[in-house]
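Asker: got a predicted model here, sequence first, then my questions.
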Amino acid sequence: MSEQLTQEQQAIAEQQRVEWVRNQYQVANQYLAGKGIIPDNVAVTESRYLPPLVALWKLNTKDKKSFWVISGDLPTDHMPFSAAATARDAIRSFSLNWQLKAEQIISGNTVDKTQHEFANLLVARAQGLYELFADDSIWQA
């Protein structure tokens with residue numbers, strides 16, 4: 001009985017993972033569309049996801065441009081594929097970019113409570129991304 005329950009729990013967990021990945025793919029596509037960039041397809045072998053924390057997609061457009069798009073339990077963001085050759089490099093690049101954005105927000109002349117909270121969120125998520133970048137066990141084949 002407990003073995004069957006474990007199999008059922010595993011099936012449910014896998015279904016939840018698949019749904020989370022699908023949802024994050026939709027988030028990434030909608031985000032780019034909102035920026036006026038229309039995705040055509042995803043480079044599945046170069047994309048990475050670690051539910052429920054982060055999804056990193058390499059999305060290609062019809063005009064032959066490619067972008068890294070990050071989503072998950074963090075702000076959705078993008079960068080040109082040319083900014084990072086691999087998913088691991090893209091994670092590091094997002095981390096560094098967010099640290100710089102947070103510094104710009106905090107050092108600005110007028111920082112309201114919302115901006116300050118967003119800057120703190122960027123710093124926290126940037127630190128988490130850098131930890132993922134630095135963890136070799138995540139990036140082994």
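Answerer: Perfect, thanks for sending it.
Asker: now stretch 116-128: mean pLDDT?
Answerer: In this model, stretch 116-128 carries a mean pLDDT of 95.
Asker: how far does it sit from the chain's center?
Answerer: With C-alpha atoms, centre = their mean, to the nearest Å as the basis, stretch 116-128 stands 14 Å off its chain's centre.
Asker: what's stretch 112-132 in contact with?
Answerer: Contact with stretch 112-132 is made by 50, 53-54, 74-75, 91-92, 94-96, 98-99, 101-103, 105-106, 108, 111, 138, as judged by C-beta atoms under 8 Å, 6 or more residues apart in numbering. Any C-beta I mention is one placed from the backbone N, CA and C, and that applies to glycine too.
Asker: any of those buried? List them.
Answerer: Neighbour counting by 16 or more other C-beta atoms under 10 Å classes 54, 74, 91-92, 94-95, 98-99, 101-102, 105 among the contacts of stretch 112-132 as buried.
Asker: least trustworthy position among those residues, going by pLDDT?
Answerer: Within these, pLDDT is lowest for residue 105, at 91.
Asker: helices of the protein, residue ranges please.
Answerer: Taking DSSP state H to define them, one finds helices in the chain at 2-34, 87-106, 113-134, 136-139.
Asker: now do the same contact list for the residue nearest to the spatial centre of the chain.
Answerer: Per C-alpha atoms, centre = their mean, the C-alpha nearest to the average position across the chain is that of residue 70, at 2.5 Å. Residue 70 makes contact with 28, 54-57, 76-78, 90-91, 94 under the criterion C-beta under 8 Å, 6+ apart.
Asker: so what's it bridging to?
Answerer: residue 56, residue 77 (DSSP bridges).
Asker: chain neighbours aside, what residue packs nearest to residue 76?
Answerer: Once flanking residues are discounted, residue 76 sits nearest to residue 31: 4.6 Å by C-beta to C-beta, 6 or more residues apart in numbering.
Asker: how about residue 111?
Answerer: In space, residue 111 is closest to residue 105, 6.4 Å off (C-beta to C-beta, 6+ apart).
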